[in-house]
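Participant: attaching a predicted model along with its sequence, questions to come.
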Amino acid sequence: MSLTFAVACGIAMGIVFGFALEKSRVFEPGMIVGQMQLRNFIMLKVFLTAVATGAIALAVLNGLGYVKLQPRAAAWAANAVGGLLLGAGDVLAGGGPDGASAGGLP
């Protein structure tokens, strides 16, 4: 598979994913708050569908020989440190589940 074809496939997949996100309206604040309050699970369904679609596409491409999957061992310590840094940065920046900054509130 050529680099140009791979980039074109990536762009096409991004457009399709973006269209699906737009149609599902998961970016709306009410939808995000509903997910965080465990009342509305559309966001979870959309993202799990995206993960499953990606996994199936990779399995098919691996089976056809277009890609060669090379799984690596998990780096648990690095993942934990990265998660702590990301969480600390989110807290320090005043971020929240609805995307609003707490720093802008009176």
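Facilitator: That came through fine.
Participant: quick check: domain ranges of the protein?
Facilitator: 1-71, 72-106 (automatic domain parsing).
Participant: now the residue minimising distance to the centre of the chain. Nearest residue, chain neighbours left out?
Facilitator: Nearest to the mean C-alpha position of the chain, by Cα atoms, centre = their mean, lies residue 47 at 6.7 Å. Among residues not flanking residue 47 along the chain, residue 26 sits closest, at 8.0 Å (Cβ to Cβ, 6 or more residues apart in numbering). Bear in mind the C-beta positions are built from the backbone N, C-alpha and C, glycine included.
Participant: is it true that the one you found touches residue 42?
Facilitator: Yes: with contact defined as Cβ atoms under 8 Å, residue 26 counts as touching residue 42 (6.4 Å).
Participant: which of the two has more residues huddled nearby?
Facilitator: Comparing residue 26 with residue 42 by other Cβ atoms under 10 Å, the one with more neighbours is residue 26, at 18 against 13.
Participant: can you tell me the SS state at the more buried one?
Facilitator: Following DSSP: H, G, I helix; E, B strand; the rest coil, the label given to residue 26 is coil.
Participant: what sits against it?
Facilitator: 32, 42, 43, 46, 47 (Cβ atoms under 8 Å, 6 or more residues apart in numbering).
Participant: quick check on residue 40: phi, psi?
Facilitator: phi -130, psi 120 (degrees, to the nearest 10).
Participant: next, the buried residues of the helix or strand bottoming out on mean pLDDT in the chain.
Facilitator: Least confident helix or strand of the chain, by mean pLDDT, DSSP states H and E, is helix 29-36 with a mean of 83. Of all the residues in helix 29-36, those buried under the rule 16 or more other Cβ atoms under 10 Å are 31, 32, 35.
Participant: ok, the first one - contacts?
Facilitator: Each residue near residue 31 by Cβ under 8 Å, 6+ apart is listed here: 25, 40, 42, 43.
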